Structure formats: C-alpha cells, structure tokens
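Visitor: Based on what follows, work out the 3D shape:
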Amino acid sequence: MMKFFIPMLIFCSVLISAQQTKILDNFSMKASSYDANVFEKSNLNIYYQFKFLKDKKISQNPREGLCVLQIGENYSKFSDTKTLQKDSLFEKFSHLENVGSREMNQLFTYNPLWSMESLKSAADKKVTYQKRYKTKYEYEEPQPEFKWQLHNESKKILDYSCKKATVKYRGREFVAWYTADIPVNNGPYIFEGLPGLILELEDSENKYHFTAVGIDKKPMDIYLRNDKGILKISRAKFREVEKTYHDNPGAFHGKALNADGSPMVVKSKPLLYDPFELE
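Guide: Residues are numbered from 1 along each chain as shown. This next block holds a predicted model:
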C-alpha cells in the first residue's frame, strides 16, 4: 500500500497570510496510505478557462482557473487541473517515510478554484462526485437530463463553428455554445445532451463561466481517489455538509480542546453560500 498525508493545520506550526499558508521548517509527520481507482485512459482532453465571480457587490474581478474534461471510451471526468497536479504530488510523496515543510509547501501551491470532481459513466448513466471539506465526501446520482432550447445564433471558439443553446439547471439558467464539428455528447462539469461538444458555458448572472482554450489527445488517467477515509453519502446529506461548512468553516479545520479536555466550539466568520447548484 502506498502512502499519503492530509495536513491538520490546527496542530501544525504554520505561517498564515491573506494569500498563502506556509509550513515552518521544523515540521515533520509520518505519511499515510494513498489509493486511487483508475477507470481508463482518456482519448480526448478539453481544457477550459474557468472564471468565478464570487460577489458582484464586492468586486467585478472574477477569480480564474483552468479545468480539464477528460473523455474516454466509457468514462469522462471533469476537474480542476490543480487537483490533478496536487494528486500527483500526493502519490509522489506517498513513497516517503516522512513528509516535511518542503513537501507541504509544494502542496499549498496548488489550490483548485473548481473543487468538485465529477466522473460520468456512459454505460450506467451515473455520475460520481467528490469534494473535500477537511474530509473528502463522495456521492452518486443518475446523470441529470438537460432540456435544451436550441437557437440560431452562432460564433467561433477555437476556430470551431458553434451554435447557441440554453437550459435551466437546478436553480440557474445557462447559455452554452456547442460545435457539431466535434460530435461528442459532453461538456463542462456534467453538462451534455447537445449535438456536439460544449465549448463554452455561462450562467445568466455571469458568475460561472467556462471557455475552451485548448484540446489535445494525450492519454491521461481517468481516476477517482479511493482512500479509506472518503465518506460516501447522499446528495442531500452532502448539501447539508456544504451549507454547514459555509456557515462555520472553522469547525472543519480539526478538533480543538479546552484546558479541561472538553471539545472547544470553534466559531469563524461565515463564507458566502452561493453554490453552483442552487437546488
């Protein structure tokens, strides 16, 4: 069994600023196990620039990241490229007896903006999701069906001729641009159901925006982490966890004790709760 580690910042020596977290040089801890289930290799990878506008009232400048849609014969996966890079480091460091500040600080350089991983199975029409709130959670559901409306407008993306389509999905309205020149039934996140690959997707409030910026055919592992600590729950339960985290993120950073040994109630400032799926 290979090894990996999960940082517990409550108990580590750290320096924290508004921009980054840095582990001090005297840090060391033993590694733990790493496991991943590789389903197949991709034969097509589409890279999307992802822009997320957190709150229009506070700022007009969106945060930006890069996501990738990996498509194979039977599976496809959508995730942030930084998640893949971070997992690669976890696997690499798993072979060490101990990890220190150098390894931890390398991990802190990869903070995915799109933190939800979604794996679609073409055979059984199911989607498996994984996301971490201190603990990594996993839930599964049937592939959602999208009732698209097709429009006559067109434009070019990556030199592909694209057509416009709109849809309502779990509390938001989306505009998609798809190309029949790539006859693949897929797109960002779990979106599909159009006569071609979706190259651009944006919600009506301009908060979430995916735009294809590159395509290649490099074989890549389509995988999900399969560590023992992953909690498999229902979608309803996951949404409860998500809401609880945003109400009090401090409670998810580890256990703290009072002087008498009793659990300390950790309170922190609530985070904006405006999830991609509102319903």
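
Visitor: Can you name the residues that contact residue 270?
Guide: Each residue near residue 270 by Cβ atoms under 8 Å, 6 or more residues apart in numbering is listed here: 246-249. C-beta here means a position set from N, CA and C on the backbone, and glycine is covered the same way.

Visitor: got the buried residues for stretch 64-78?
Guide: Using 16 or more other Cβ atoms under 10 Å as the test for burial, stretch 64-78 gives 65-72, 75-78.

Visitor: same deal with stretch 186-206?
Guide: Using 16+ other Cβ under 10 Å as the test for burial, stretch 186-206 gives 186-194, 196-203.

Visitor: Grab the CA positions of it and hand them over as PDB.
Guide: The C-alpha coordinates for stretch 186-206 follow below in PDB (Å, rounded to 0.1, in the frame of the first residue of the first chain):
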ATOM      1  CA  ASN A 186     -20.200  16.100 -23.400                       C
ATOM      2  CA  GLY A 187     -19.200  19.400 -21.900                       C
ATOM      3  CA  PRO A 188     -18.000  21.200 -18.700                       C
ATOM      4  CA  TYR A 189     -18.900  19.700 -15.400                       C
ATOM      5  CA  ILE A 190     -21.800  17.200 -16.100                       C
ATOM      6  CA  PHE A 191     -23.400  19.100 -19.000                       C
ATOM      7  CA  GLU A 192     -24.300  17.100 -22.100                       C
ATOM      8  CA  GLY A 193     -27.200  16.400 -24.400                       C
ATOM      9  CA  LEU A 194     -26.400  18.600 -27.400                       C
ATOM     10  CA  PRO A 195     -25.400  17.500 -30.900                       C
ATOM     11  CA  GLY A 196     -21.800  18.300 -30.300                       C
ATOM     12  CA  LEU A 197     -19.200  19.200 -27.700                       C
ATOM     13  CA  ILE A 198     -19.900  22.200 -25.500                       C
ATOM     14  CA  LEU A 199     -17.000  24.600 -25.800                       C
ATOM     15  CA  GLU A 200     -18.400  27.400 -23.700                       C
ATOM     16  CA  LEU A 201     -20.900  27.600 -20.800                       C
ATOM     17  CA  GLU A 202     -22.000  30.600 -18.700                       C
ATOM     18  CA  ASP A 203     -24.800  31.200 -16.300                       C
ATOM     19  CA  SER A 204     -27.200  34.100 -16.700                       C
ATOM     20  CA  GLU A 205     -25.700  36.100 -13.800                       C
ATOM     21  CA  ASN A 206     -22.200  35.800 -15.200                       C
END
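
Visitor: just how off-centre is it within its chain?
Guide: Relative to its parent chain, stretch 186-206 has a centroid offset of 16 Å by Cα atoms, centre = their mean, to the nearest Å.

Visitor: Number the chain from 858, please
Guide: All right, first residue 858 from here; so that's stretch 1043-1063.

Visitor: and that stretch, average pLDDT?
Guide: Within the predicted structure, the mean pLDDT of stretch 1043-1063 is 97.

Visitor: any chance of the buried residues of stretch 921-935 in TSV, plus secondary structure and distance to residue 1008?
Guide: Formatted as TSV, the entries for the buried residues of stretch 921-935 read as follows, by DSSP: H, G, I helix; E, B strand; the rest coil; distance: Cβ to Cβ, whole Å:
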residue	secondary structure	distance to residue 1008
922	strand	28
923	strand	28
924	strand	25
925	strand	27
926	strand	23
927	strand	29
928	strand	25
929	coil	31
932	strand	31
933	strand	25
934	strand	29
935	strand	24
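
Visitor: what's near enough to touch residue 1050?
Guide: Under the criterion of Cβ under 8 Å, 6+ apart, the contact list for residue 1050 reads 1002-1003, 1005, 1042.

Visitor: Which of those residues sits closest to residue 898?
Guide: Nearest to residue 898 among the contacts of residue 1050: residue 1042, at 19.3 Å, using Cβ to Cβ.

Visitor: A helix includes the closest one, no?
Guide: No: if the criterion is DSSP: H, G, I helix; E, B strand; the rest coil, then residue 1042 is coil and not within a helix.

Visitor: Count the neighbours of it for me.
Guide: Neighbours of residue 1042 under the rule other Cβ atoms under 10 Å: 15.

Visitor: quick one, what contacts the closest residue to it other than its chain neighbours?
Guide: With sequence-adjacent residues excluded and distances taken as Cβ to Cβ, 6 or more residues apart in numbering, residue 1042 is closest to residue 1049, at 5.1 Å. When contacts are counted by Cβ under 8 Å, 6+ apart, residue 1049 touches 977, 1000, 1003, 1042-1043, 1055.
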